[in-house]
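Asker: Here you go, sequence then predicted model.
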Amino acid sequence: MSKSKTAAGAPKKSWSDTKSKIYKYRGFYLMFLPVLIFTILFHYLPMFGIGYAFTEYHGINKPEFVGLENFRKMFAAPGFWTAFWNTLKLSIVKLILNTGAAVLISLLLNEIKNTAFKKTTQTIIYLPHFMSWVVTASVFTLILSPSGEGLVNSLLVNLGVVQKGSEIYFMGSKKWWTPIFYIVNVWKDTGWGTIIFLATLSSISPELYEAATMDGAGRWNKMRYITLPALSNTIVTVLILNLAKVMNLFESVFVMQNDAVIKQSDVLQTYIYTQTFNSGALPNYGYTTAVGIVKSLVGCVLVLVCNHLSKKTRGRGIV
Amino acid sequence: MKKRIACMALAGLMTVSMFAGCGSDSKSSSGNSGTSAEGDVEKPDKIKVMYDGTVFTKENGQDQFKKRWEELTGIKLEITQPDHDAYYDVLGQTFASGPDNWPDVVLLDPTYYAGYAKEGALWDMSDAWENSDLKASGRINNEELIDNLYIDGKLYGFATGRGNGCATYVKQKWLDNCNLEVPTTYEEYINMLKTFKEGDPDGNGVDGDTYGVSTAGLIGEEIPYVNYLPEFYQDAYPSFYQKEDGTWVDGFTEDSMKEAIERIRDAYQAGYIDKESLTNGTNDCRNKFYEDKFGVFTYWAGTWATNLKTNLKANNRDDQLVAIPPIKETGKYLERRPPVFAITAACKNPEGVFKYFIENMLDGGDMQILWTYGVEGTHWSTKAETVCGNTYEEGQFHMLESMEKPGTQYTKNNIDPMLSIGDFKEKDPGADQIAPEAQDSQEMFNENSKLAPNFVSTDEMGQYNGDLTTLKNTIIANVVTQGSSIEDEYKRFKDEGGADWSKQIVDSLNKLNKESK
């Protein structure tokens, strides 16, 4: 590709310049080629499968064109809208809490002067990220058990907050399920998020802090006027990138969900899962593709809106 | 220069790794063979089969199983065995990838059996079965099981054994400590649970630290749905079934279901049922049972009786269990419909595959031993030896130590010897090694059970049953655990469309029923 520059005296790039550049960096292009092929094969080519959303297809006989019937069924199903709003609510609140907690913990970790202690603490904090959700849910089910062995209930009974025999069934409570969900997510994923923010914090020039000290700034003002502004770019980038994944919420909900809290917990992915496996019929790939398209579109819109807001408020976005 | 070589080497490695998983022998199998055939049936060269973890896995000697199967038949066997939990996902993708990739034989549960048959993915094996040597042999002890597999007058799958079901086990020591007899009515059953909750049935000197019964979920996720709490559900059934006159109804809308939910609610609120039943998995229930948290457990009949007993003993608990017959109000335990082996419509030699794969499974001899007990020297033996602390004499048939779970012995392969519908030509070689408690619980169950309602799929079922099932389960959970009134919840059932969806499904089933007559 060549660009013509309008400024007088600027050299015009030619195709031969481009070719020689490609040849010069051919090693890197060669390394990049498999990734490109992979992305085209497994991420772009499958987009042609979008056509299935307009068919009824059980995977055996040829797809039968049904027009917008799958979308009509989806939007008419009462469970769909509950799942849709739950997905947005649970994901966005989770994202804000996780990001906020990650920033807070990063700031606290950054204040630790002892390197060995800092590294140990950081390692312990992000280890839960590597636990599978099945194990995490099992562990928290035990901790929150309404029986005498549940750690939290035992503590509440001993403190006199709850009477023995009236323990709280946190996982089976409509009132408590959502806060517990957020707590478990923060516990599991916050540590991982601190890695990015700590990297940003470590790149802030110490001279800024020295200058602030000379100007008489205390810890709080340093954080407010130096640390947080330096972090803001990273926070916005992380938020926007994670917004694209907001509609993919499944595993954490699926392992913690039960029949009593469906209204609070059902998200799009779990809704489609139960639709598929509880209907008694073979999966309709046309229907599930239609839901997938709606999911992707919503995720895309969220990213673009946030990017636009970022441009408006900060003068730049990431897309 | 070194950098460039390194870059190119890395690029090459990435390319190769990307395509490593691609490509497979997608040629259709079971082509005609030049080897001798019996009668008019061509013997296949190769048979491709896909099944789940109910047949010995790689960790448990699949290679030896395959080798022995090929020795006995002279046919190459190609096995695809996805992870057990992902089996139907992989099966669906395999079917969607086109007939060229379909295996010859697949294992299907009743729901998928009906669904794939309706789509035309399965071969009609009615004639093959009716004219088979196996049917004519007289060794089939339960032909009614096969008769129940017919769909619209055609047979698309073959079951080698009964589906089994759950029976209620009670700890004998707890009954003795509380001076109770085995309950025969609901009143006696509830009284037993009450005593287990309020008394000291485990004899540890503390009253009220135990409860009566635990369950994995208040309602099951698959047919027959009610198998873990049969004493409470009694004659109620939460899904669609046919009355004696052939009319389809939704059991959830009947009064019997409301009464069942109220019974569960009352027992739950009184603390007789484990508070965590809503979130329990079967593993959680079993662990609590082994820890003497509760005394009554409705679980799978047969070999599970031995497993429960063994684990109680391993946890230093009294291991005497009694498998009780269903109480009067329940009448019969529900037996699930069995999984079936089906031949896909893409199979080029279905008659040959039926004869040499399916029919052979119940040959009454070496092949049936292979499918029931596994491979000699790998899964079972007759040598004099000690296995997992059990000493066996020379010639005494016994199962060997599990390769996947050292310290435990294998119990069976795919065919449960207590559920098999095919008798051995001579004595079942493993009959004597079946534990008495397993034998007793299985016999009791077989004598006191009836088949769960059949499952039929319609378009309306596919469209509404997902939402309907979710709504039904939520209603049960709300009444039992959240204190909602049953009237309010059934009103919600109507207001949120449940009654309408139910009616549409029932109408579609009755219409199908009428058309098939």
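Answerer: Nice, I can see it.
Asker: From now on I want contacts and neighbour counts done on CA atoms only, so please keep to that.
Answerer: Will do.
Asker: where along the stretch 1-150 of chain B do the strands fall?
Answerer: Taking DSSP state E, counting those that start in this stretch, the strands of the stretch 1-150 of chain B run over residues B:46-50, B:76-80, B:105-108, B:150-151.
Asker: okay if I get these as a markdown table plus distance to chain A and mean pLDDT?
Answerer: A markdown table is the format used below for the strands of the stretch 1-150 of chain B (distance: least, C-alpha to the nearest C-alpha, whole Å; pLDDT from 0 to 100):
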| stretch | distance to chain A | mean pLDDT |
| --- | --- | --- |
| strand B:46-50 | 16 | 97 |
| strand B:76-80 | 19 | 97 |
| strand B:105-108 | 12 | 97 |
| strand B:150-151 | 15 | 90 |
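Asker: most packed of the ones you listed?
Answerer: Highest mean neighbour count of those: strand B:105-108, a mean of 24 (counted as mean count of other C-alpha atoms under 10 Å in any protein chain shown).
Asker: Which strands border it, and is each parallel or antiparallel?
Answerer: Using DSSP bridges, strand B:105-108 pairs in its sheet with strand B:46-50 (parallel), strand B:340-343 (antiparallel).
Asker: which outside residues touch it?
Answerer: Strand B:105-108 is contacted from outside by B:47-52, B:339-344, B:353, using C-alpha atoms under 8 Å, 6 or more residues apart in numbering or on different chains.
Asker: List the contacts of the nearest residue to B:P110 once chain neighbours are set aside.
Answerer: Closest residue in space to B:P110, ignoring its immediate chain neighbours: B:P339 at 5.9 Å, by C-alpha to C-alpha, 6 or more residues apart in numbering or on different chains. Contacts for B:P339 (C-alpha under 8 Å, 6+ apart) come out as B:107-110, B:159, B:163.
Asker: tell me which parts of chain A are close to chain B?
Answerer: By C-alpha under 8 Å from any C-alpha of the partner chain, the residues of chain A that approach chain B are A:27-28, A:30-34, A:38, A:58-61, A:77-79, A:145-147, A:169, A:171-173, A:258-262, A:274-282.
Asker: and the nearest residue to A:M131 once chain neighbours are set aside, how far is that from chain B?
Answerer: Spatial nearest neighbour of A:M131, excluding adjacent residues (C-alpha to C-alpha, 6+ apart): A:K188 at 8.0 Å. In this view, A:K188 and chain B are 21 Å apart by C-alpha to the nearest C-alpha, to the nearest Å.
Asker: Just to check, A:K188 is in contact with A:I124?
Answerer: No: using C-alpha atoms under 8 Å, A:K188 is not in contact with A:I124, being 11.1 Å away.
Asker: Looking at those two, which one has more neighbours?
Answerer: A:K188 (21 against 10; other C-alpha atoms under 10 Å in any protein chain shown).
Asker: what's the more buried one sitting at in phi/psi?
Answerer: phi -80, psi -40 (degrees, to the nearest 10).
Asker: that older thread, how close does the residue nearest to B:P110 sit to chain A?
Answerer: B:P339 is 15 Å from chain A, by C-alpha to the nearest C-alpha.
Asker: Spell out which residues sit in contact with the residue nearest to A:M131, please.
Answerer: Neighbours of A:K188 in contact, by C-alpha under 8 Å, 6+ apart: A:126, A:128-129, A:131.
Asker: which pair in those residues spans the largest distance?
Answerer: Using C-alpha to C-alpha, the pair of the contacts of A:K188 lying farthest apart is A:Y126 and A:M131, separated by 10.0 Å.
Asker: Give me the buried subset of the contacts of A:K188.
Answerer: A:126, A:128-129 (16 or more other C-alpha atoms under 10 Å in any protein chain shown).
Asker: For the longest helix seen in chain A, which residues meet the burial criterion?
Answerer: Assignment by DSSP state H gives helix A:78-111 as the longest helix of chain A. Residues A:79-80, A:82-84, A:86-88, A:90-92, A:94-95, A:97-103, A:105-107, A:109-110 are the ones in helix A:78-111 that count as buried (16+ other C-alpha under 10 Å).
Asker: thinking again about what came up before, let's have the contacts of strand B:105-108 in CSV, adding distance to B:D423.
Answerer: Output for the contacts of strand B:105-108, formatted as CSV (distance: C-alpha to C-alpha, whole Å):
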residue, distance to B:D423
B:I47, 25
B:K48, 27
B:V49, 24
B:M50, 25
B:Y51, 23
B:D52, 24
B:P339, 19
B:V340, 18
B:F341, 19
B:A342, 21
B:I343, 23
B:T344, 27
B:V353, 22
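Asker: out of all of them, which helix in chain B is the longest?
Answerer: Under DSSP H, chain B gives helix B:459-481 as its longest helix.
Asker: anything in it near chain A?
Answerer: Yes: applying C-alpha under 8 Å from any C-alpha, one finds helix B:459-481 in contact with chain A at B:459, B:461-467, B:469-470, B:473-474, B:477-478, B:481.
Asker: quick revisit: of all the strands of the stretch 1-150 of chain B, which one is nearest B:S277?
Answerer: strand B:105-108 (29.1 Å).
Asker: how far does the closest one sit from the chain's center?
Answerer: Computed by C-alpha atoms, centre = their mean, to the nearest Å, the chain-centroid distance of strand B:105-108 equals 14 Å.
Asker: For the closest residue to chain A within the stretch 51-200 of chain B, which non-adjacent residue is closest in space?
Answerer: Residue nearest to chain A within the stretch 51-200 of chain B (C-alpha to the nearest C-alpha): B:A96, separated by 4.0 Å. Residue nearest to B:A96 in three dimensions, not counting chain neighbours: A:G59, with 4.0 Å by C-alpha to C-alpha, 6+ apart.
Asker: Please, which helix or strand holds the one you found?
Answerer: Per DSSP states H and E: A:G59 is located in neither a helix nor a strand.
Asker: what does B:T168 give?
Answerer: strand B:166-171.
Asker: Equivalent analysis for A:Q122, please.
Answerer: Counting by DSSP H and E, A:Q122 is part of helix A:115-126.
Asker: got the buried residues for the following helix or strand past the strand holding B:T168?
Answerer: Downstream of strand B:166-171, the next assigned helix or strand under DSSP H and E is helix B:172-177. Buried residues in helix B:172-177, counting neighbours by 16+ other C-alpha under 10 Å, are found at B:172-175.
Asker: So what touches helix B:172-177?
Answerer: Contacts for helix B:172-177 (C-alpha under 8 Å, 6+ apart): B:181-182, B:196, B:200-203, B:295, B:318, B:320-322.
Asker: try stretch B:75-90
Answerer: By C-alpha under 8 Å, 6+ apart, stretch B:75-90 touches B:44-54, B:57, B:66, B:69-70.
Asker: For burial, what's the neighbour tally of the residue nearest to B:E42 when sequence neighbours are not counted?
Answerer: Of all residues not flanking B:E42 in the chain, B:G352 sits nearest, at 5.5 Å (C-alpha to C-alpha, 6+ apart). Residues lying near B:G352 (other C-alpha under 10 Å) number 25.
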